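Asker: Sequence and predicted structure below; questions after.
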Amino acid sequence: MKKQYSCNVVWMKDLTKRSPGRPRSIKSHQAMLQATLDLLSEVGFDGISMDAIAARAKVGKTTIYRRYTNKEELVADAIENIKEEIIIPDTGSLRGDLEAFIQNALQITINPLWRQIIAMIISNRSSHPEFARIYWTKYLEPRREAFAIVIERAKARDEIAENLDPFLVFDAMSGIMLYPLIVPPSSDSWETYVRRSLQVFIGLKLNNNNV
């Protein structure tokens, strides 16, 4: 005896009719994330409220609470969804590559959103460690990996010592770049301060064959 199989045939036009809400759901979610980032840039983390996000995104508050329990979850998700291209400079020299890193970092520091993100991470480090984790995975870690490539190229050109730790250099550079955001220099701009500091750092570390 032959087995009989049954199946439900669903035509494409029926699928289209059945799921009109999904594009709207995606659009609403993207509007929430963008509204959150916009408000974070404008008023900072403490100034954000779910009411303000709902109004900016033009969605109901119940729509937001279907996805997020509180604003911390929403802010974390919004930051995690930021798309950024990581550019690995290749100017032919370590100094040129470092200059490219400075220029890239400068664009970040003058961006109100990233300034607010950094301020939020510092002020909420103990109460909301997930912000620091996201900043690490989304921003710092990819740039550490890119910087390691730059350092390996410099080693191949005999510009620096073979045993120089690229991650240690990157962490030191990050500290140099972050400090003037917290305590602005009295006379220098951020760019001038960072360049002067790195010149000292490069002279003491990167060009020292005894490192």
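Answerer: Noted; the coordinates are in hand.

Asker: contact partners of the longest helix belonging to the chain?
Answerer: Among the segments of the chain that qualify as a helix by DSSP state H, the longest is helix 21-43. With contact meaning CB atoms under 8 Å, 6 or more residues apart in numbering, helix 21-43 is reached by 47-48, 52-53, 56-59, 63-64, 67, 71, 74-75, 77-79, 81-82, 112-113, 116-117, 120. Heads up, the C-betas are built off the backbone N, CA and C, glycines and all.

Asker: tell me which strands and helices the next helix or strand after that helix is in contact with?
Answerer: Following helix 21-43 in sequence order, the next helix or strand is helix 50-57 (DSSP states H and E). Secondary-structure packing of helix 50-57 (3 or more CB pairs under 8 Å, 6 or more residues apart in numbering; DSSP states H and E): helix 21-43, helix 61-65, helix 71-80.

Asker: if we go to 6 Å?
Answerer: helix 21-43, helix 61-65 (3 or more CB pairs under 6 Å, 6 or more residues apart in numbering; DSSP states H and E).

Asker: of these, which approaches residue 151 most closely?
Answerer: Distance to residue 151, taken as CB to CB, is lowest for helix 21-43 among the helices and strands packed on helix 50-57, at 32.4 Å.

Asker: I'd like the distance from the closest one to the chain centre, please.
Answerer: 17 Å (CA atoms, centre = their mean, to the nearest Å).

Asker: residues touching residue 176, list them.
Answerer: 194, 197 (CB atoms under 6 Å, 6 or more residues apart in numbering).

Asker: Lowest mean pLDDT among the helices and strands, pick that one out for the protein.
Answerer: helix 12-18 (a mean of 41; mean pLDDT, DSSP states H and E).

Asker: Deepest in the core, which of the helices and strands packed on helix 50-57 is it.
Answerer: helix 21-43 (a mean of 16; mean count of other CB atoms under 10 Å).

Asker: Give me the mean pLDDT for it.
Answerer: For helix 21-43, the mean pLDDT works out to 86.

Asker: do the same with stretch 78-95
Answerer: Here the average pLDDT along stretch 78-95 is 85.

Asker: on that earlier part again, what about the helices and strands packed on helix 50-57, which gets the closest to residue 181?
Answerer: helix 21-43 (15.4 Å).

Asker: Dump that closest one to CSV, restricted to CA.
Answerer: This file holds the C-alpha atoms of helix 21-43, laid out as CSV (Å, rounded to 0.1, in the frame of the first residue of the first chain):
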residue,chain,number,x,y,z
GLY,A,21,2.7,43.7,10.4
ARG,A,22,6.4,42.6,10.2
PRO,A,23,7.8,45.4,8.2
ARG,A,24,6.1,47.9,10.4
SER,A,25,7.5,46.1,13.5
ILE,A,26,11.0,46.3,12.1
LYS,A,27,10.5,49.9,11.2
SER,A,28,9.2,50.7,14.7
HIS,A,29,12.2,49.0,16.3
GLN,A,30,14.6,50.9,14.2
ALA,A,31,12.8,54.1,15.0
MET,A,32,13.2,53.3,18.8
LEU,A,33,16.9,52.7,18.4
GLN,A,34,17.5,55.8,16.4
ALA,A,35,15.4,57.9,18.8
THR,A,36,17.4,56.5,21.7
LEU,A,37,20.8,57.4,20.1
ASP,A,38,19.5,60.9,19.1
LEU,A,39,18.4,61.6,22.7
LEU,A,40,21.6,60.1,24.2
SER,A,41,23.6,62.5,22.0
GLU,A,42,21.4,65.5,22.9
VAL,A,43,20.6,65.1,26.6
